[in-house]
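>>> Here is a sequence together with a model predicted from it:
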Amino acid sequence: MMDKEILEQLFKRHYGKMLKMARTLLRGDADADDVVQEVFVRLLEMDFKVQEDKTEAYLMSSVRYGCIKRIKRMELRERIGDLQRVAEVGMADDDEPLVELEQIRDYVDRYLTEPHKSVFNLRIDEGLTFKAIAERLDMNINTVYKHFIQCLEQIKVQFIKK
């Protein structure tokens, strides 16, 4: 575990630069502050040896990596949120379906390939979480997300006319 006095010195010396970088890379101040705080929490938990000539580079790289991870998670959540609405297949303002579910199922069965078809059916028909689908199909959860998003994009192109 890192000495709290050393951590405090690192915080005072580098926090401003780290936060500036995080704010540049991320959309919101709260997310930027979270990433920087996470870096310091990890430092506190690990046995980090301070090497003056490499410390700043390590901290800035940690912030950059944390921001990249946060951006990927945000983008994935946003894409899934947007595309999952397509799975409900565009309800009109009066709550009448624009496309019958059977048409979508027929399209999925005919035109989607594996594992896209299985991912879609497990998510929509069985209501499984992405984690459960990943376990059942022995896939990485990010791969399951990717396949589901691709399915929804194909369905959107096929059924949602603008």
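In hand now; what should we look at?
>>> Show me this structure divided up by domain.
Following automatic domain parsing, one finds the domains of the chain at 4-79, 90-159.
>>> Turn the ones you listed into TSV, columns for mean neighbour count and mean pLDDT.
C-beta: built from backbone N, CA, C; applies to glycine. Formatted as TSV, the domains of the chain follow (neighbours: other CB atoms under 10 Å; pLDDT from 0 to 100):
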stretch	mean neighbour count	mean pLDDT
domain 4-79	15	81
domain 90-159	15	81
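>>> Tell me the secondary structure of Leu128, please.
coil (DSSP: H, G, I helix; E, B strand; the rest coil).
>>> With Ile68 as the reference, measure out to the nearest residue to Gln103 once chain neighbours are set aside.
Excluding its sequence neighbours, the residue lying closest to Gln103 (CB to CB, 6 or more residues apart in numbering) is Phe159, at 7.2 Å. Distance, Phe159 to Ile68, by CB to CB, to the nearest Å: 34 Å.
>>> Check Lys117 too.
32 Å.
>>> Now for Glu154: which residues touch it?
I think there's a mix-up here, since residue 154 is Gln and not Glu. Contact analysis of Gln154 by CB atoms under 8 Å, 6 or more residues apart in numbering lists Tyr111, Leu112, His116.
>>> Output those residues in a markdown table, with distance to Arg13 appended to each entry.
As requested, the contacts of Gln154 are exported to a markdown table (distance: CB to CB, whole Å):
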| residue | distance to Arg13 |
| --- | --- |
| Tyr111 | 58 |
| Leu112 | 54 |
| His116 | 50 |
